[in-house]
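In: Below is the structure, and that's it, no one-letter string:
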């Protein structure tokens, strides 16, 4: 069998045309206008690329990640060769983060091979190789292409023998679903074509997969304000008189408005938007996990929504609160204003606990301690964000478990990672005869290793429906 000549591409940073594309995106989103308390009034402030125009920047993001991020991660996790093998409609969860667009499925059996090598200057680099029926294009070198499945597997076995790597990472994992993408059938075929003496070199690529999926590049972080601003803008539209007529509009009406508004922008959601209401006389106990019911929105109601969109391969997750003014009211009741401020204080306790190397469980414990010392009744259930909404990385509490979360909660925090700062507080409202109100907040933020930055500000004022 003849292989395509092996070549080592020179180290590439961000391509020049990538910078042009991102410059366009940044100018469209007016990122400089964001601050930690900015209120966003409408999604009309933002431009969204067509599906066709998204291909180039998405592919530049993939190329940049493979060129500049993957080498260090493979070196960090001691993997010499990483295999991502999948079949059509049974794709490995990590597959779509590695291939150029437009890709909707693995074509028949698709094999991606990432080979860690040292450059003449001593740097670590990665060759992205493919053994496929259909070539993928940049950045993959075609090692084999053809129509015979048996020959394809034989080509993979010969390639791995030739590379003679000490460690071969495969996507098998007990605790991380995203790192468990190699099916049993494909594993058996891999064993069949791999020399017996190399079987012991197969190791779990679990750590590499999690690090790959949780780590954000500088270009990706630069896009998050735009994405999050769109999500916050749609919420601002939904929580306004444009959408809500007290006594007529239901919580489901608002949820469907949000869903259809995203659809009008050509943006997929990763869960059905959720809208609920709280009001005096509707029970909200201190020990109740979640307060809020569905129904017709009335004057004097507190409303809440939870929405998530995906754009340019990145996902958001946002929760905000609104208040419907009663006749004669011009401002939100002071007790509710205080409640939101306490929610912001809880956020500060959480983000102030972020530290490189500290586990999710440790961050949770520190947040709970600080909130209890401040007399705040809170629940914390924060998760990483990235290519999916509930992304891998350190789990920081769960709504039904405010103690240690095994495995995912034991994962340490790394720099250049993004999170949904999610949780709630409860506060007694004097204007509601001291009934409890639950303030449920969630905002996109990233951690650079030193500080936490909210991608498009955070809610510090109520959405007010006239």
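Out: Received it, and whenever you're ready, just let me know what you need. Since we're looking at a predicted model, the values are computed, not measured. Residues are numbered from 1 along each chain as shown.
In: Can I take it that residue 262 is in a strand?
Out: No. Judged by DSSP: H, G, I helix; E, B strand; the rest coil, residue 262 forms no part of a strand; its state is helix.
In: any idea how far it is from residue 174?
Out: Residue 262 is 36 Å from residue 174, where distance means CB to CB, to the nearest Å. For glycine as for every other residue, the C-beta is placed from the backbone atoms N, C-alpha and C.
In: Between these two, point out the one with more neighbours.
Out: Comparing residue 262 with residue 174 by other CB atoms under 10 Å, the one with more neighbours is residue 262, at 23 against 9.
In: Tell me which residues touch the more buried one, please.
Out: With contact taken as CB atoms under 8 Å, 6 or more residues apart in numbering, residue 262 is in contact with 234, 268, 269, 307, 309.
In: pLDDT score for it?
Out: Residue 262 is assigned 96 on the pLDDT scale.
In: tell me the contacts of residue 434?
Out: residue 428.
In: helices and strands around the helix with the most length in the chain, which ones?
Out: For the chain, the longest helix by residue count, based on DSSP state H, is helix 218-238. Applying 3 or more CB pairs under 8 Å, 6 or more residues apart in numbering; DSSP states H and E, we find helix 218-238 packed against helix 16-29, helix 51-64, helix 251-264, strand 302-307, strand 314-315, strand 318-324, strand 435-447.
In: Same list (the ones you listed) but as a markdown table, adding distance to residue 152.
Out: Listed next are the helices and strands packed on helix 218-238 as a markdown table, based on distance: least, CB to CB, whole Å:
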| stretch | distance to residue 152 |
| --- | --- |
| helix 16-29 | 32 |
| helix 51-64 | 23 |
| helix 251-264 | 39 |
| strand 302-307 | 43 |
| strand 314-315 | 33 |
| strand 318-324 | 44 |
| strand 435-447 | 40 |
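In: Can you tell me which of the ones you listed is nearest to residue 372?
Out: strand 435-447 (17.2 Å; CB to CB).
In: what is the mean pLDDT for the closest one?
Out: Mean predicted lDDT for strand 435-447 stands at 98.
In: Could you point out the helix or strand that follows that strand?
Out: Sequence order places strand 452-454 as the next helix or strand after strand 435-447, per DSSP states H and E.
In: Note down every partner strand of that following strand and its orientation.
Out: Paired with strand 452-454 in the same sheet, following DSSP bridges, are strand 435-447 (antiparallel).
In: returning to that earlier point: can you go through the contacts of residue 262 and name the buried ones?
Out: Among these, those scoring as buried are 234, 269, 307, 309 (criterion: 16 or more other CB atoms under 10 Å).
In: how far does stretch 287-296 stretch from start to finish?
Out: Across stretch 287-296, the terminal residues are separated by 26 Å (CA to CA, to the nearest Å).
In: Please state the backbone phi and psi of the nearest residue to residue 374 once chain neighbours are set aside?
Out: In space, and not counting its chain neighbours, residue 374 is closest to residue 345: 6.6 Å by CB to CB, 6 or more residues apart in numbering. Dihedral pair for residue 345: phi -70, psi -40, per degrees, to the nearest 10.
In: ok, back up a step: do you know which of the helices and strands packed on helix 218-238 lies nearest residue 79?
Out: So among those, helix 51-64 is nearest, using CB to CB, at 19.2 Å.
In: which secondary structure elements does that closest one contact?
Out: Applying 3+ CB pairs under 8 Å, 6+ apart, we find helix 51-64 packed against helix 16-29, helix 218-238.
In: do that again at 6 Å, thanks
Out: Counting contacts by 3 or more CB pairs under 6 Å, 6 or more residues apart in numbering; DSSP states H and E, helix 51-64 is packed against helix 16-29.
In: What ranges does the chain have for its helices?
Out: 16-29, 51-64, 70-76, 149-163, 184-193, 206-214, 218-238, 251-264, 334-351, 360-373.
In: which residues does residue 412 bridge with?
Out: Beta-bridge pairing of residue 412, defined through DSSP bridges, involves residue 359.
In: Just list the residues touching residue 384, thanks.
Out: Residue 384 makes contact with 214, 391, 393, 419, according to CB atoms under 6 Å, 6 or more residues apart in numbering.
In: and with 8 Å instead?
Out: Taking CB under 8 Å, 6+ apart as the criterion, residue 384 is in contact with 214, 391, 392, 393, 394, 417, 418, 419, 420.
In: Tell me which entries of the residues you listed lie within strands.
Out: Counting by DSSP state E, the contacts of residue 384 place 417, 418, 419, 420 in strands.
In: which of those residues lies closest to residue 58?
Out: Proximity of the ones in strands among the contacts of residue 384 to residue 58 (CB to CB) peaks at residue 418, which lies at 17.2 Å.
In: Quick check: that closest one vs residue 289, distance?
Out: Distance of residue 418 to residue 289, given as CB to CB: 26 Å.
In: go on, residue 177?
Out: Relative to residue 289, and taking CB to CB, residue 177 is found at 24 Å.
In: Over to residue 234?
Out: 27 Å.
In: and the closest residue to residue 116 other than its chain neighbours, what is it in contact with?
Out: Closest residue to residue 116 apart from its sequence neighbours, by CB to CB, 6+ apart: residue 74 at 4.6 Å. The contact partners of residue 74, by CB under 8 Å, 6+ apart, come to 80, 82, 114, 116, 124, 126, 208.
In: Going by neighbour count, which of those comes out on top?
Out: Compared across these, residue 82 has the highest neighbour count, 28 neighbours, by other CB under 10 Å.
In: how about that residue, what does it touch?
Out: Going by CB under 8 Å, 6+ apart, residue 82 touches 74, 113, 114, 168, 169, 205, 208.
In: Mind picking the two most distant members of these?
Out: 113 and 208 (13.7 Å).
In: and the contacts of residue 74 as CSV, adding pLDDT and distance to residue 405?
Out: Listed next are these as CSV, based on pLDDT from 0 to 100; distance: CB to CB, whole Å:
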residue, pLDDT, distance to residue 405
80, 98, 32
82, 98, 27
114, 98, 30
116, 97, 32
124, 94, 33
126, 97, 32
208, 98, 22
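In: quick one: the residue of the chain most remote from its centre and residue 299, what's the gap?
Out: Here the centre of the chain is the reference, and by CA atoms, centre = their mean the most remote residue is residue 328, at 42.5 Å. In this view, residue 328 and residue 299 are 10 Å apart by CB to CB.
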